[in-house]
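[1] What would the 3D arrangement of this be:
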Amino acid sequence: MLRYLRPRLPGVPIFFTVALAQRDSRLLVDEVDRLREAVRATQAERPFGMDAWVVLPDHLHCLWRLPDGIAIIRPSGG
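    Numbers count the residues shown, from 1 in each chain. Below is the predicted model:
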């Protein structure tokens, strides 16, 4: 089971990596315009700051920051 460390303070940067299951894929760079649009749409619905991101062919790294007054809290039972 994966265990995630989540900040409980607002404004704390959140670093994460997402990798495609097919590690020899170039999907993320081939479809980077669609990826950017998906991020824009998500930001419009659920605001967050993006301090940095790196898009590689098969994975990406992100550094996000939640708006003031919002902290990620572990769901009950987790």
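
[2] now the closest residue in space to P67 that isn't next to it in sequence: how far from G69?
    Of all residues not flanking P67 in the chain, P47 sits nearest, at 5.3 Å (CB to CB, 6 or more residues apart in numbering). Heads up, the C-betas are built off the backbone N, CA and C, glycines and all. Plainly put, P47 is 11 Å away from G69 if you go by CB to CB, to the nearest Å.

[3] Among those two, which residue is more densely surrounded?
    In terms of neighbours (other CB atoms under 10 Å), P47 is the more surrounded of P47 and G69; the figures are 10 against 7.

[4] so that one, which of the three states?
    Three-state secondary structure (criterion: DSSP: H, G, I helix; E, B strand; the rest coil) places P47 in coil.

[5] One more: P67?
    P67 ends up coil, using three-state DSSP.

[6] just checking, it touches V12?
    No. With contact defined as CB atoms under 8 Å, P67 and V12 do not form a contacting pair (11.9 Å).

[7] which residues sit in contact with A44?
    Taking CB atoms under 8 Å, 6 or more residues apart in numbering, we find A44 in contact with no residue.

[8] What ranges in the chain fall below the confidence cut-off?
    Low-confidence regions of the chain, defined here as pLDDT under 70, cover residues 1-8, 10, 70-78.

[9] can you pull out the strands in it?
    Using DSSP state E, the strands of the chain run over 13-19, 49-55, 59-65.

[10] Would you mind finding the most buried of the ones you listed?
    strand 59-65 (a mean of 16; mean count of other CB atoms under 10 Å).

[11] mind checking how far G11 is from A52?
    Going from G11 to A52 by CB to CB gives 16 Å.

[12] and the nearest residue to I14 once chain neighbours are set aside, bridged to which residues?
    Counting by CB to CB, 6+ apart, I14 lies nearest to W64, which is 4.9 Å off, once chain neighbours are set aside. For W64, the beta-bridge partners are I14, M50 (DSSP bridges).

[13] Pull the contacting residues for W64.
    W64 touches 13-14, 16, 48-51, counting by CB under 8 Å, 6+ apart.
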